[in-house]
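K.L.:
here's my sequence, what's the structure:
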Amino acid sequence: MSKQTSLYEEALKPLKKAAAVLNLEPNIVEALSSPERMLIVSIPVKMDDGKLKVFTGYRAQHNTARGPAKGGIRYQTLLLVFLLVAEKAESPVIQRI
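P.N.:
From the prediction side, this is the model:
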């Protein structure tokens with residue numbers, strides 16, 4: 001198992017635990033396990049030295065069924081998208097328990 005997969009699986013453990021307690025149908029767990037929406041933006045900024053630098057922002061939204069998704073956009077040069085997905089995968093579970 002790759003490091004990427006294990007981090008994502010770790011993030012899904014609380015969801016799977018809650019799903020077992022609530023006796024959720026597997027198709028509901030599957031829907032909650034993947035992001036509903038991924039937003040990737042690029043913002044060009046003119047720096048003080050006159051050079052143009054492009055910053056990339058990432059946001060994962062897992063479930064908006066109960067209203068707007070929480071969280072913000074991350075601006076990091078070395079951000080790995082799977083880490084963002086794993087981090088946001090925990091949010092719906094924590095809000096509902």
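K.L.:
and the helix or strand Gly57 falls within, what's its mean pLDDT?
P.N.:
In the assignment (DSSP states H and E), Gly57 maps to strand 52-61. For strand 52-61, mean pLDDT is 85.
K.L.:
can you show me the CA trace of it as PDB?
P.N.:
Taking Å, rounded to 0.1, in the frame of the first residue of the first chain, the C-alpha atoms of strand 52-61 are listed here in PDB:
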ATOM      1  CA  LEU A  52       5.000  37.800 -11.900                       C
ATOM      2  CA  LYS A  53       4.500  34.800  -9.600                       C
ATOM      3  CA  VAL A  54       1.600  32.400  -9.800                       C
ATOM      4  CA  PHE A  55       0.200  31.000  -6.600                       C
ATOM      5  CA  THR A  56      -2.000  27.900  -6.700                       C
ATOM      6  CA  GLY A  57      -4.900  27.300  -4.200                       C
ATOM      7  CA  TYR A  58      -6.700  24.100  -3.400                       C
ATOM      8  CA  ARG A  59     -10.000  23.300  -1.800                       C
ATOM      9  CA  ALA A  60     -11.900  20.100  -1.300                       C
ATOM     10  CA  GLN A  61     -15.600  20.000  -0.400                       C
END
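K.L.:
what's the nearest residue to Met38 if we skip its chain neighbours?
P.N.:
Once flanking residues are discounted, Met38 sits nearest to Ala60: 5.5 Å by CB to CB, 6 or more residues apart in numbering. (C-beta placed from N, C-alpha, C; glycine too.)
K.L.:
sorry, back to before: flag every buried residue along the strand holding Gly57.
P.N.:
Using 16 or more other CB atoms under 10 Å as the test for burial, strand 52-61 gives 58-61.
K.L.:
ok, for Leu24, nearest residue in space, not its chain neighbours?
P.N.:
Per CB to CB, 6+ apart, closest to Leu24 is Ala18, 7.8 Å.
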